[in-house]
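> model this:
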Amino acid sequence: MSTTKYQSMTVDELFSVLQEAAIKAHEVYVAGDPIEKQHAWVDILTSAYEEIQTRGDNALQRYIPLLEAPHPAVRLSAALGAQDVALELAVPVLEDLSDGKYGGTIGVNAGMTLDGMRKRGLLPPENSGTRA
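Got it, this is the predicted structure:
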């Protein structure tokens, strides 16, 4: 899909694309599909995410219900997108996803995101004894 295609989508359509792409990207990675197929889904996911970011706080709020989505890849995408509007809700989801129980790259991505938040001072250091 072209950038223009994403710009013409409604917020509902963008979130539908984001959810489908998050699931498909995870599935093709776990299945060991060719890297080109993986990259294609990640590109779609990234394009939807980037367009949602341009739609303002009302659109970003739409990530919050997805923090409880059944699929861990959707929860990861939602937590990444919700950081700016609901950090306190996104962090527990990232912590849960980072323990490695979901396979694929979900745990690694969630853990790296938490590490980045700590480095930026958004969270206390991991060994501080306090949780965000």
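
> helices along this protein, start to end?
Remark: helices assigned in the chain by DSSP state H are 3-7, 11-31, 35-53, 57-60, 63-66, 72-97, 106-119.

> can you tell me the centre-most residue of the chain?
residue 77 (1.6 Å; Cα atoms, centre = their mean).

> any idea how far residue 4 is from the nearest residue to that residue once chain neighbours are set aside?
The spatial neighbour of residue 77 that comes closest, neighbours along the chain excluded (Cβ to Cβ, 6 or more residues apart in numbering), is residue 22 at 4.3 Å. Yep, even glycine has a C-beta here, placed from its N, CA and C like the rest. Per Cβ to Cβ, to the nearest Å, residue 22 is found 22 Å from residue 4.

> residues of the lowest-mean-pLDDT helix or strand in the chain that come out buried?
Here the helix or strand of the chain ranked lowest by mean pLDDT, DSSP states H and E is helix 3-7, holding a mean of 85. Going by neighbour count (16 or more other Cβ atoms under 10 Å), the buried part of helix 3-7 is residue 6.

> touching that helix from outside, list them.
Taking Cβ atoms under 8 Å, 6 or more residues apart in numbering as the criterion, the residues outside helix 3-7 that touch it are 14, 17, 47, 48, 50, 51.

> before we move on, back to that, my guess is the residue nearest to the centre of the chain meets residue 71, correct?
No. Contact criterion Cβ atoms under 8 Å: residue 77 and residue 71 do not qualify, at 9.4 Å.

> can you pull the residues that touch both of these two?
Jointly contacting residue 77 and residue 71 under the rule Cβ under 8 Å, 6+ apart are 19, 22.

> what stretches of this structure score poorly on pLDDT?
Residue ranges of the chain with pLDDT under 70: 1-3, 127-132.
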